[in-house]
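1. Here is a sequence together with a model predicted from it:
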There are 4 protein chains.
Amino acid sequence: MADKPVKKVVLAYSGGLDSSTIVKWLQVELGAEVVTFTADLGQGEELGPAREKALMLGVKPEHVFIEDIREEFVRDYVFPMFRANTVYEGQYLLGTSIARPLIAKKQIEIAHKTGADAVAHGATGKGNDQVRFELSYAALDPDIRVVAPWREWDFKSREALLDFAEKHQIPITKDKRGEAPFSVDANLLHSSSEGKVLEDPAVEPPEFVHMRTISPEAAPDKPTVITIDFEKGDPVAIDGQKLSPAALLTKLNQLGHDNGVGRLDLVENRFVGMKSRGVYETPGGTILLHAHRGMESITLDRGAMHLKDELMPKYASLIYNGFWFAPEREMLQAAIDLSQEMVSGQVRVKLYKGNVTVIGRTSPYSLYDQELVTFEEGAVAYDHRDAAGFIRLNALRLRVKANRDKRGAA
Amino acid sequence: MADKPVKKVVLAYSGGLDSSTIVKWLQVELGAEVVTFTADLGQGEELGPAREKALMLGVKPEHVFIEDIREEFVRDYVFPMFRANTVYEGQYLLGTSIARPLIAKKQIEIAHKTGADAVAHGATGKGNDQVRFELSYAALDPDIRVVAPWREWDFKSREALLDFAEKHQIPITKDKRGEAPFSVDANLLHSSSEGKVLEDPAVEPPEFVHMRTISPEAAPDKPTVITIDFEKGDPVAIDGQKLSPAALLTKLNQLGHDNGVGRLDLVENRFVGMKSRGVYETPGGTILLHAHRGMESITLDRGAMHLKDELMPKYASLIYNGFWFAPEREMLQAAIDLSQEMVSGQVRVKLYKGNVTVIGRTSPYSLYDQELVTFEEGAVAYDHRDAAGFIRLNALRLRVKANRDKRGAA
Amino acid sequence: MADKPVKKVVLAYSGGLDSSTIVKWLQVELGAEVVTFTADLGQGEELGPAREKALMLGVKPEHVFIEDIREEFVRDYVFPMFRANTVYEGQYLLGTSIARPLIAKKQIEIAHKTGADAVAHGATGKGNDQVRFELSYAALDPDIRVVAPWREWDFKSREALLDFAEKHQIPITKDKRGEAPFSVDANLLHSSSEGKVLEDPAVEPPEFVHMRTISPEAAPDKPTVITIDFEKGDPVAIDGQKLSPAALLTKLNQLGHDNGVGRLDLVENRFVGMKSRGVYETPGGTILLHAHRGMESITLDRGAMHLKDELMPKYASLIYNGFWFAPEREMLQAAIDLSQEMVSGQVRVKLYKGNVTVIGRTSPYSLYDQELVTFEEGAVAYDHRDAAGFIRLNALRLRVKANRDKRGAA
Amino acid sequence: MADKPVKKVVLAYSGGLDSSTIVKWLQVELGAEVVTFTADLGQGEELGPAREKALMLGVKPEHVFIEDIREEFVRDYVFPMFRANTVYEGQYLLGTSIARPLIAKKQIEIAHKTGADAVAHGATGKGNDQVRFELSYAALDPDIRVVAPWREWDFKSREALLDFAEKHQIPITKDKRGEAPFSVDANLLHSSSEGKVLEDPAVEPPEFVHMRTISPEAAPDKPTVITIDFEKGDPVAIDGQKLSPAALLTKLNQLGHDNGVGRLDLVENRFVGMKSRGVYETPGGTILLHAHRGMESITLDRGAMHLKDELMPKYASLIYNGFWFAPEREMLQAAIDLSQEMVSGQVRVKLYKGNVTVIGRTSPYSLYDQELVTFEEGAVAYDHRDAAGFIRLNALRLRVKANRDKRGAA
């Protein structure tokens, strides 16, 4: 397609050097008017400077959008995902994956508000994030034009890119001249580090790449015990104190941080076809995963739980691959959400030097029946002889098959 | 069915009080000749006394079978299960479930050798083990008679059972008069505790129920780092030392024990329909699970890994429910085993106060390609522009759908 | 459990000989007051006689319940099931399975209305229906007592049962003295035949077992073409004529009947563990299955369709096994229903001597895009070069793996 | 990537106009030496002319490869796929999809033999076949260069392409000047037609697009009954006559053709993201699918069958999408093949005007047990009372849940 020129483009803008260079490139090389969108997702950075920098780059004041979307992020993205006990490839809590759809959604909204005909992101051409952004754009506005500068520009090296930045008066702090020893993504759910010093999976990650947690070794010698209240599958209070979604996750992050909880060193399979190595820190999310499973363990029916467990790997892959807004993700969510109606109650969790241990669960909706399970046969409706029939009919097909196999050809 | 009288029955015999009472009950009430089978599965008990007790109960010397089946257990049951990274309900490593089929198999073999017409086990009428034993019996010998004393006898109370034991000169140690505060199953893979003091899932398990691990709190302040070598998905060496399957697991158990690794406090769903609470200790298995995933992370193709992850919950349920010898378990095993051809190499693991952390993986069969993943675009066959096409075609159906949804009825 | 005596029991009552004998047995042997529930599910029998017979057996007039539940049956059970394109073991349209939960639900409602403490059904001890009834009872009223006469009474032979009937003045038509050559279940969705003359799966079913369809051979030489309108996944009109659910299915049945559509001769696997052979006739349902797939083919996104296809076998097994009211069935239904929002439009179907052929589909919500698919590259957003990137990234992991496999150990 | 020039390329060559034009384009525009590979896959065309044309185009005699691969195709590709009862999107028998991997494999073999550095195919840029070819190439030789002329050349229109052909003395029959009213792919398993006159899914396909079957209407008024023998899941004889795989499928095709069997008019979802409409004729395959299911119905255990049914949609998608040589397809195949050990015996099938009806199945390995299923309780090991226990334990979790739901918050 010989694309028409881009007139106005909404960029997911962090305020950093690369992000600023993209602004300039969009203006200079594409001749486009740039609208910046900077989200507070809990990445732990001041957003004030992002506004100043955008203005300095010539973005019109009415085109600088800065928004605190932490509550929406946790309530409508993180919590729904945790209802499924979601882990990718057995381990990864999808902290980066789950943020992209929301950023994309906000960009599209701003594009519609400002009459922009395009959106742009700063993700590179080898990663998953480009896919997540662009699949989300496509699902939310099928006609919007997408610009992916890292795939499109001609800079042959990082040096060339920095030269372009310098030429356009983008300030480059000294340490940026040299390359960062690894790259980082962060939001309220997690921070991830990858690249450079982390590229050899045979070598342990250096301590300095961690930013959200102290190490288990450095954590206190005394356990911390907390209680988490759940309502319909979502956490709503810590130690009896009701908290908004973002406030609750923030508090769990602090608790996790302090107790060395939530580090993961993983080689994973990217959607684009290669293996990569990442170091993830998800302190609050790690606590939440354990606590949620603990809550479900007494409130969720076996059939519902096993169905959830069977669906989870696919659900996780959909999120990892960027299909949050795809109909099949929504179908799975509908099934998952229905199961959470009674996942309410309280879980006690012990945090200790990297360990998260559920040490108590209670619920007004408990399916755990002490009378039923006790060794003594009681008043309760369980007749030991039922087990004989249960086993015999479950065994019937095996017995028929064994007889067939034994006799060989009849 | 008005069953014919049992003539000769092979009992899974532990040598304990209950087990001995069953011998007597089978002899006295059923008028059957009893053959005892006592397996060394690594439960950590002397088997000598089991022989003496059996003889004392009147079992003929040639009918007392005692066998060390630890190597077969680990090689043909535990390791194949770990190839699938198997966990039941997200957490349980199936230490009890995986031992039952092998015990059942041995009983059937002995029944054929001794001309017995029946087999018997000491599992109770509310648990999973009765199912696991009896489904295995059915699959291995469809015509064998099954006796399940705990479902069949008439003792109205534990007192009545003890009276019967006493009447038949079965020695009852004083502490057995009172009831044990919880019940235990153990083998080389794990020990499990349940019942009595553990029945309230709101209450943390007391420290004294643990027998295989010290607590993370009690573990040393210094990490232990080990390397595990894998061949075709199975561990074969620790720190360079080749070990037999059982020897290797024994060593991992010691390492886990010493570092407070492998405790699990779980409310789970039994196949017979109720929730129960168990405390599991799987020190070596927990290390193995992490190490195996680490090994797969660089040697297993994404498609294979994701298929394995999708199949695992069903595979785990089959084992938990006692369907080890069912054709569908064997089908899944065939798929899983095929995937492990190249899962060979070395994993370094750090053990520290309950934590198991993979800190390095290497393999001659690695699929991880540092050149491919590096941020710099290199000689390697990855063209950033490919990503654009990849994304656009993945997005196409979403875009078409979004257009449809936007226009409403055409 | 030594059950307490049954005081009042709601029986699923057909008015037939066996059913009437059960009434008497419940009255005489159990000493229970009997409430009869006779449902018009479209089985094609007059219900008037059922009332007379019940009264004649001594059932109080206020305890004779007769209800036409055809609309509820089709709307809330049949149609939701067809949204999933449900077939059991690749072929069976579940006509019997889907009716049982509704009958059970009505019985429970009547039990609550009349203060009955028990429910009873006339299903035998080897079949699936006993399971379907009783799982539904359990899910709807966990405390209700269940009576299953066929499993509980002592009649040693059919002769003994008839003697009992005769002794209690239940009229036995001459042809009932001899045994029926096969047994039948029927409702608006299908009729099934099994047993006796059908028990040898090597032998073709005799023509006389069929009651809902003429044979393809006997059907007219000229095709019949109809159009079916769908709204949100359910059929709502035939040839432009809006029809209620039951009226629509009735009409489809007639059309299927006349064109020899919907016969199935199947050996299937029962939940209770044995294989059985049934002959099913589902004339309208067979048409509906094809038409619904045709409607989905242009309105359903690929991701949604493939997810549905993957979930279907489990969904079918749940219904077949009697778990309609289980939470996991409801979770799957939530996912399925969400997918059907836009499955609206019109399908043309040709019926001809047993064949059902979709020959046209149109929808205001079509996802089929003629411009996109045409061989000519047009204005539409498809760039052939995108395919190169799409393929290359999909191939990347295969290529990396092939290189690994080629080089062997590095 | 600035690709190096192609030196020698192995083209999948049909001998047709487009295919010949590609030869010339590869020679002229790429400057490559062309090796042609023409496979007899049972497409029903003479291969002699392909050789002549290739020579006429300047291909060296030693570079013209023509091979009859029908037996390998059916034995190693078609039959393994049918063991899984594979259908894509509920209906499509994958006749085109299953042929591509084999053609690709042969091309790679010839490339290695002739020292070629590239392979090429004639599939267009919007279809699935390009993906299937190229994923297979990648899996079989990760370093081979791939040329996809339809995506790479610059012809703006069909006219331009024909001009190029004419300029290079490629004979163009008159009817090719105008465009074909639809395009065709054919092999021993099926023929498919799509495009042009078939592009409107609202319109019934014209009779003239069909080439493998007469219409049901045109088929004889008398049924044809055949028996098919199976061994380990594969058909081996028709009416008692042992036949090689290709001969057997050829004969089934004739039988299907004569009885109007195997037509399908489908709107399907392509891997590249769009919906397309195809008309498929799979006469022998349709018979085989029914017969194989019939054979399995008495020889395959329920657990194995249900697992197969659950895996099938994924298996079908893998084949449809071109992942035949991916490890996850091989894993599924291992599971499927293991299940077929005892799928041996005989099935009788009636063919009549488009209908395929299984009317009898026998096997020395039958799991169907007439004594077990009969209404009379016999000597066989089925106790009606077992059903009570079976149901009660299956109901237990539903009952506990119903009690919980009833009481609301405790």
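-> Okay, I see it. Residues are numbered from 1 along each chain as shown, chains lettered A, B, ... in the order given.

2. Quick check: residues of chain A near chain C?
-> Residues of chain A lying close to chain C (Cβ under 8 Å from any Cβ of the partner chain) are A:1, A:269, A:272-274, A:301, A:303-304, A:306-308, A:314, A:323, A:326-328, A:330-332, A:334-339, A:381, A:383, A:393-397, A:400. Where C-beta positions appear, they are placed from N, C-alpha and C, glycine not excepted.

3. Now the buried members of those.
-> For the residues of chain A next to chain C, a burial check counting by 16 or more other Cβ atoms under 10 Å in any protein chain shown picks out A:269, A:272-274, A:301, A:303-304, A:306-308, A:314, A:323, A:326-328, A:330-332, A:334-339, A:381, A:383, A:393-397, A:400.

4. Look at residue A:382 and report its pLDDT.
-> Model confidence at residue A:382, given as pLDDT, is 81.

5. ok, it - contacts?
-> Neighbour list for residue A:382: A:372, B:126, B:274, D:396 [criterion: Cβ atoms under 8 Å, 6 or more residues apart in numbering or on different chains].

6. That one: what secondary structure?
-> Using DSSP: H, G, I helix; E, B strand; the rest coil, the secondary structure recorded for residue A:382 is coil.

7. From residue A:250, how far off is residue A:347?
-> Distance check for residue A:347 against residue A:250: by Cβ to Cβ, to the nearest Å, it reads 19 Å.

8. Look at the two and report which has more neighbours.
-> With neighbours defined as other Cβ atoms under 10 Å in any protein chain shown, residue A:347 and residue A:250 compare such that residue A:347 has more, 27 against 17.

9. Now that one: phi and psi?
-> Per-residue torsions, residue A:347: phi -120, psi 140 (degrees, to the nearest 10).

10. Output the residue of the stretch 1-150 of chain A whose distance to chain B is smallest.
-> Residue nearest to chain B within the stretch 1-150 of chain A (Cβ to the nearest Cβ): residue A:125, separated by 3.1 Å.

11. Hmm, residue A:50 and residue A:66 touching each other?
-> Yes - at 6.3 Å, residue A:66 and residue A:50 qualify as touching, with contact defined as Cβ atoms under 8 Å.

12. Look at the two and report which has more neighbours.
-> Each of residue A:66 and residue A:50 has its neighbours counted (other Cβ under 10 Å); residue A:50 has more, 23 against 16.

13. Spit out the contact partners of that one.
-> A:13-15, A:36, A:38, A:66.

14. any idea which helix or strand comes after the lowest-mean-pLDDT helix or strand in chain A?
-> Lowest by mean pLDDT, DSSP states H and E among the helices and strands of chain A is helix A:174-177, with a mean of 68. The C-terminal neighbour of helix A:174-177 among helices and strands, as given by DSSP states H and E, is strand A:183-186.

15. Just give the strands next to that next one in its sheet, each with its orientation.
-> Paired strands of strand A:183-186, with direction, are strand A:191-194 (antiparallel) (DSSP bridges).

16. Point me to the helix or strand that includes residue A:366.
-> Counting by DSSP H and E, no helix or strand carries residue A:366.

17. How about it: what's its closest non-neighbour residue?
-> Nearest non-adjacent residue to residue A:366, counting by Cβ to Cβ, 6 or more residues apart in numbering or on different chains: residue A:298, 4.7 Å away.

18. Near the one you found, how many residues? Count them for me, please.
-> Using other Cβ under 10 Å, residue A:298 has 22 other residues around it.

19. which element is it on?
-> Using DSSP H and E, residue A:298 falls in helix A:283-299.

20. Could you do residue A:23 as well?
-> Residue A:23 belongs to helix A:17-28, assigned by DSSP H and E.

21. Can you tell me the strand partners of the following helix or strand past that helix and which way each runs?
-> Sequence order places strand A:33-40 as the next helix or strand after helix A:17-28, per DSSP H and E. Here strand A:33-40 is paired, per DSSP bridges, with strand A:8-12 (parallel), strand A:64-68 (parallel).

22. a markdown table for those strands, including mean pLDDT?
-> Output for the strands paired with strand A:33-40, formatted as a markdown table (pLDDT from 0 to 100):
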| stretch | mean pLDDT |
| --- | --- |
| strand A:8-12 | 98 |
| strand A:64-68 | 97 |
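
23. ok, and which of these has the densest surroundings?
-> Of all the strands paired with strand A:33-40, strand A:8-12 has the most neighbours on average by mean count of other Cβ atoms under 10 Å in any protein chain shown, namely a mean of 24.

24. Any chance of the strands paired with strand A:33-40 in TSV with distance to residue A:193 as columns?
-> Formatted as TSV, the strands paired with strand A:33-40 follow (distance: least, Cβ to Cβ, whole Å):
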stretch	distance to residue A:193
strand A:8-12	20
strand A:64-68	25
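
25. which one of those lies closest to residue C:155?
-> If you check each of the strands paired with strand A:33-40 against residue C:155 by Cβ to Cβ, strand A:64-68 wins as the nearest, at 75.7 Å.

26. pull the CA atoms of that closest one into CSV?
-> Output in CSV follows, covering the C-alpha atoms of strand A:64-68 (Å, rounded to 0.1, in the frame of the first residue of the first chain):
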residue,chain,number,x,y,z
VAL,A,64,0.1,16.8,25.5
PHE,A,65,-2.0,14.2,27.3
ILE,A,66,-0.9,12.9,30.7
GLU,A,67,-3.1,10.6,32.6
ASP,A,68,-3.1,8.6,35.8
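
27. how far is the helix or strand residue A:163 falls within from where the chain is centred?
-> Counting by DSSP H and E, the element that carries residue A:163 is helix A:158-167. Centroid separation for helix A:158-167 versus its chain: 33 Å, with Cα atoms, centre = their mean, to the nearest Å.

28. For stretch A:16-33, buried residues please.
-> Within stretch A:16-33, the residues that count as buried by 16+ other Cβ under 10 Å are A:17-27, A:30, A:32-33.

29. could those go into CSV alongside pLDDT?
-> As requested, the buried residues of stretch A:16-33 are exported to CSV (pLDDT from 0 to 100):
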residue, pLDDT
A:17, 92
A:18, 93
A:19, 95
A:20, 96
A:21, 96
A:22, 97
A:23, 97
A:24, 97
A:25, 97
A:26, 98
A:27, 97
A:30, 96
A:32, 97
A:33, 98
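
30. what's the closest of the residues you listed to residue B:290?
-> Checking these one by one against residue B:290 (Cβ to Cβ), the nearest turns out to be residue A:18, at 35.5 Å.

31. measure the closest residue to that closest one other than its chain neighbours to residue A:35 for me?
-> The shortest distance from residue A:18 to any non-neighbouring residue, by Cβ to Cβ, 6+ apart, is to residue A:122 (5.8 Å). To residue A:35, residue A:122 is 14 Å away according to Cβ to Cβ.

32. continuing past the helix or strand containing residue A:130, what's the next helix or strand?
-> Taking DSSP H and E as the definition, one finds residue A:130 inside helix A:129-140. Toward the C-terminal end, the helix or strand that comes next after helix A:129-140 (DSSP H and E) is strand A:145-147.

33. In the sheet, which strands lie alongside that following strand, parallel or antiparallel?
-> Applying DSSP bridges, one finds strand A:145-147 paired with strand A:118-120 (parallel).

34. got the buried residues for the partner strand?
-> Result for strand A:118-120 [16+ other Cβ under 10 Å]: buried residues A:118-120.

35. Which single residue in the stretch 301-410 of chain A comes nearest to chain D?
-> Residue nearest to chain D within the stretch 301-410 of chain A (Cβ to the nearest Cβ): residue A:389, separated by 2.5 Å.

36. Report the contact partners of the closest residue to the residue of the stretch 1-150 of chain A closest to chain B other than its chain neighbours.
-> By the measure of Cβ to Cβ, 6+ apart, the closest residue to residue A:125 outside its immediate chain neighbours is residue B:384, 3.1 Å from it. Shown in contact with residue B:384 (Cβ under 8 Å, 6+ apart): A:124-126, A:150-151, B:377.
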